[in-house]
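**Student:** after the sequence you'll find the predicted model.
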Amino acid sequence: MKQTSAFERSNKIKSLLKLADSVGNIVNKLGFPRPIAMVLQEKFGKNSFMIASWIKDDSSWGGDRWLKNFLDDFSRPSLNDMVEFWEKTKLPQEEYFDWLERNGYGGRSERFSTPEEDRRAIYLDIKEKLMRKSFFNSTLMKAIISGSANIERYKELSFKEALEKYNYETISDPAATVLEYDDGWKWINVGKKCEMIGDRMSNCGSVGVMSLDEDRTMISLFNPTGEPRLLLTWSPNEKRISGVEGKGGSAPKPEYFQYVKDLADKLNASFIENSLGEKRFPLWAYFITGNEPKMVLESVFDKFYELKTPDGIIWITNGNAFITKDNFELAKRILIDDPYFQDNVKKLKERDLLSEVDDDFMVRAVFSHVYEHILEAKMPSQFKVNLFNFEKMYKENKNALAHNRKENIKTMMKIMNNLEINRTASVKIFYNLIRR
């Protein structure tokens, strides 16, 4: 059997003393529970005290309650519960069993392990749960754990400073630049998560569920001074751009529309949103037609635009439904002459819900009766709707429909029969019954 030399024994003792000293410093100087300090020592060795300092720094928003805020979470048992359990395993065995029974963990007859065995098992649970904390999911800590970031370069910094430095270095890497302009503007791939983006753009700083593409990533538009101005999700396997937004999730400004189109051209990407709504419609319209839509009405629930498509047709739209301007004017005239519509207007006035039939009211009235959709091949597929056979529905449900529903359908039928539309062309009528 190989004999251990005095030199080797001395080094081993020194290592154990150093380990004990590091754990003791994390406990005594920083205030961490011993099992947490032990995990940090095991995972980060000589850098464990610095990591513990970063954790405390990152949790300092809680003031004197920083440790409770760090250890507690919404799941049970929490880290706090586990630490308490671990501490109880150091009680004499009979006292430990009494504590278990009082707290609903089973009586003596159900115990098949010793306190020491429980302590080792709980330590493993603590280690697993601790490493799942959001702190260790930060971009910097993930890089340190994986070995792709050198922790020595951040030793003199607070965690916030270190995180910002790492983020800045990452996005400053030339390999992260997707598209650069001569005047200094550039599109940069900032990854699936970037705390700096979250801080400066006032959002979560994460790609989240903006796409189901497993390789999805965030790409941000930076101005020449290095400030992010726009953020979007790029799904490379789907060749799709989505989730385009400004600071705080705001609608992208028209001045950035061409940048988005340039990026899409660079990536050979489509621009398809699962839900456009009012926020991203202007950008989508510009992306599809090359023209910025002109707002004609902004109501509490909707914004309405006038948009000219490449074929020269002018449309009125709220971003979800489209009607040609000519048909819009015709539909207004039909509604104004319709007795049922006149009766509804009269009732609204009597109830002081309407003062006059102005242009704003007529825009909403037309859109509550008839939807007309663009179905050109280059339009996103979600705007391609089938012509609904309302005449058949009306005949089949005539007796079951309430009077106001029947009258409303008659009005819609009147509009449908009078609108001059080529049924074989790329435009079809869509009537919205649900909203009535």
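**Tutor:** Cool, got the structure.

**Student:** now do the SS call for residue 230.
**Tutor:** strand (DSSP: H, G, I helix; E, B strand; the rest coil).

**Student:** got a list of what it touches?
**Tutor:** For residue 230, the contacting residues are 220, 221, 244, 245, 246, 252, 256, 259, 260, by Cβ atoms under 8 Å, 6 or more residues apart in numbering. Using the backbone N, CA and C atoms, a C-beta is placed for each residue, glycine as well.

**Student:** check the secondary structure at the second one for me.
**Tutor:** Here residue 221 is strand, with the state taken from three-state DSSP.

**Student:** tell me the pLDDT at it?
**Tutor:** The per-residue pLDDT reported for residue 221 equals 95.

**Student:** sorry, back to before: between the contacts of residue 230, which sits nearest residue 197?
**Tutor:** The closest of those to residue 197 turns out to be residue 220 (Cβ to Cβ; 5.9 Å).

**Student:** returning to that earlier point: tell me which of the contacts of residue 230 fall in strands.
**Tutor:** Among these, the members found in strands (DSSP state E) are 220, 221, 244, 245.

**Student:** show me which pair in the contacts of residue 230 is furthest apart.
**Tutor:** The largest separation in the contacts of residue 230, counting by Cβ to Cβ, is between 245 and 259 at 13.5 Å.

**Student:** save the ones in strands among the contacts of residue 230 as JSON lines, and put in neighbour count and distance to residue 299 too.
**Tutor:** What follows is the ones in strands among the contacts of residue 230, written out as JSON lines (neighbours: other Cβ atoms under 10 Å; distance: Cβ to Cβ, whole Å):
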{"residue": "220", "neighbour count": "23", "distance to residue 299": "32"}
{"residue": "221", "neighbour count": "25", "distance to residue 299": "31"}
{"residue": "244", "neighbour count": "25", "distance to residue 299": "24"}
{"residue": "245", "neighbour count": "19", "distance to residue 299": "22"}
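
**Student:** reformat these as TSV; add distance to residue 24.
**Tutor:** Output for the ones in strands among the contacts of residue 230, formatted as TSV (distance: Cβ to Cβ, whole Å):
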residue	distance to residue 24
220	44
221	49
244	52
245	48
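
**Student:** dump the residue contacts of the residue nearest to residue 328 when sequence neighbours are not counted.
**Tutor:** Excluding the flanking residues, the one nearest residue 328 by Cβ to Cβ, 6 or more residues apart in numbering is residue 316, at 4.6 Å. Contact analysis of residue 316 by Cβ under 8 Å, 6+ apart lists 296, 304, 305, 306, 322, 323, 324, 325, 328, 363, 366.

**Student:** the chain: strands as residue ranges?
**Tutor:** Going by DSSP E, the chain shows strands at 177-180, 186-191, 217-222, 228-235, 240-245, 270-271, 294-298, 303-308, 314-317, 322-324, 371-374, 427-430.
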